[in-house]
Structure formats: structure tokens, C-alpha cells
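**Student:** sequence unknown, structure follows:
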DNA sequence: GCGACAG
DNA sequence: ATCTTGTCGC
């Protein structure tokens, strides 16, 4: 019953210094090339929220069929928060709860879209990359604000995007998912190329700034009225 | 040394 | 992330 063998490769009881050392080590395993089931049949949104003044982490996952984007399954779990929020170390705060939520899914999604960065990170190991290595699932980082890298201004038209560079290499793209709103910072996490990451995010976006995956996961993670995290039929 | 800093 | 009402602008 060990769904993600790799999720045991390291402890979560770490100091910020140890967490950084771990990122430097695990980044070697990240693969930024398209290596996933095609055609894509399901995509899932991953999100975390906090309650009890931050003492409790709530992780939500909503799977949507692709490309129709209709919800097919969802899970919500609560776990004690064990790591502070430190820019660059977000994954150590949110992933433990996310893994627990993934374990409860009846069916594994073909791809995960996470809140935050993939390789568009100071050490190329944002939450989407970390989650990808631990689960060996294809992942994409969907950031709502800037973390690092340089890029030209993004044209204000739906679908426009410009590459983001850091230290001589492209680490992702800034994407205008909707005109008149702030762009999204897209980067691969694992087993996906930069171009495909941008393409998938745009295909998951309809009339709003955020892709449907993120919207559904956000809604679930913030939903106060729920059955304690039990899976519920959608409709 | 100074500025920046996902959720 | 979270605390929070109405409000300005497309």
C-alpha cells in the first residue's frame, strides 16, 4: 500500500539549513522533458490553506477530466503544520499535507498543477519540482506572483507570454491568462517541458485569471463547510 | 553590503 | 497564507 515509495527518501524534521542542502541534492533528479501519458486525460489542482492561526494545514486536490475540465474527484485533509513559511522553502511547509491528500485519491491524475513555483526558483527546486520528485508524477508550478528571474514585459493580451531567465538559462515563462490582470509565473516541476507547461496551463484556463484546476482546489481548501475531508461525489 | 522574497 | 467592506474601473 505504498503509493509513493520516493516520498520516504527524506525526513521532514529539518532546519532551514538542512532543507536548503536537501534542495541542492534533490534538484539533480528533476527532469524537464515531456514524459507523461498522452493524450492527457486528467489534470489535478493542488492547494494548501491554513487554519488555527497557522497551526493546521489543509491540503486540497481536485481532479478534472481533460480537456473538458469537469471535476471528477476531490480530497481534503488536515495535518499539523510543522515548518514555517520561508521564501524558497515553501515545499517543506505544504508538501506533507499534500502527500496525505494524494494518498486518499482513488485514481492518480496524469498531471499535477501546484500553487507556487516549479524550477522558477533560486535553486530550481520549488514546490512543484519537489512534489514531482517525491511522487514521480508530472507536475507544473503555477505561481501567482514573482519570485526570481528576469523577463521582458508581457503583452496585455490573452495567451501572451515571455520567457523568464536566471543565470543564463530559461527557467519558465510569465503568462497572460487574461487581459487586464496580473500574469502568472509558469514553470515545469518534473517530467514536463517549459513549452508544454505553458500550453497545459492555457488549456486549463477559461474565462478567469487562474486555471480551473487552481480555482477548484482553492475553493475546496478554503471551504469551511465540509465533511472533515471525506471524498464527496461531485456534480 | 543592499534589495527581493512562491504560499 | 490570513485578517477584512466597500469601492474603483473595465
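**Tutor:** Arrived safely. Here the structure is a predicted model, which means the values were calculated and not measured.

**Student:** switch to C-alpha atoms for all contacts and neighbour counts from now on
**Tutor:** Noted.

**Student:** And stretch A:135-142, end to end?
**Tutor:** Start and end residues of stretch A:135-142 are separated by 18 Å (CA to CA, to the nearest Å).

**Student:** Is it in proximity to DNA strand C?
**Tutor:** No: Stretch A:135-142 lies out of reach of DNA strand C by CA under 7 Å from any atom of the strand, never closer than 10.7 Å.

**Student:** who touches that stretch?
**Tutor:** By CA atoms under 8 Å, 6 or more residues apart in numbering, the residues outside stretch A:135-142 that reach it are A:4-7, A:35-36, A:110-119, A:126-129, A:131-132, A:184-192, A:197.

**Student:** and if you look at stretch A:37-51?
**Tutor:** A:56-67, A:94, A:98, A:109-115, A:212-218, A:221-222.

**Student:** Now list the buried members of those residues.
**Tutor:** A:56-66, A:94, A:98, A:109-115, A:212-218, A:221-222 (16 or more other CA atoms under 10 Å).

**Student:** pull the longest helix from chain A.
**Tutor:** For chain A, the longest helix by residue count, based on DSSP state H, is helix A:90-103.

**Student:** Run the contact check for that one versus DNA strand B.
**Tutor:** Yes: Helix A:90-103 reaches DNA strand B (CA under 7 Å from any atom of the strand) through A:90-91.

**Student:** Any buried residues in that helix, and which?
**Tutor:** A:90-102.

**Student:** Looking at those residues, which one is closest to residue A:155?
**Tutor:** residue A:90 (29.5 Å; CA to CA).

**Student:** For chain A, what lies in contact range of DNA strand C?
**Tutor:** Near DNA strand C, when you scan chain A using CA under 7 Å from any atom of the strand, you find A:48-51, A:53-54, A:180, A:222.

**Student:** among those residues, which are in helices?
**Tutor:** residue A:222.

**Student:** Any of the residues of chain A next to DNA strand C buried? List them.
**Tutor:** Applying 16+ other CA under 10 Å to the residues of chain A next to DNA strand C flags A:48-50, A:222 as buried.

**Student:** Next, format those residues as TSV and append distance to residue A:139 and pLDDT.
**Tutor:** Below are those laid out as TSV (distance: CA to CA, whole Å; pLDDT from 0 to 100):
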residue	distance to residue A:139	pLDDT
A:48	16	98
A:49	20	98
A:50	23	97
A:222	22	93
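
**Student:** Appreciated, that's everything.
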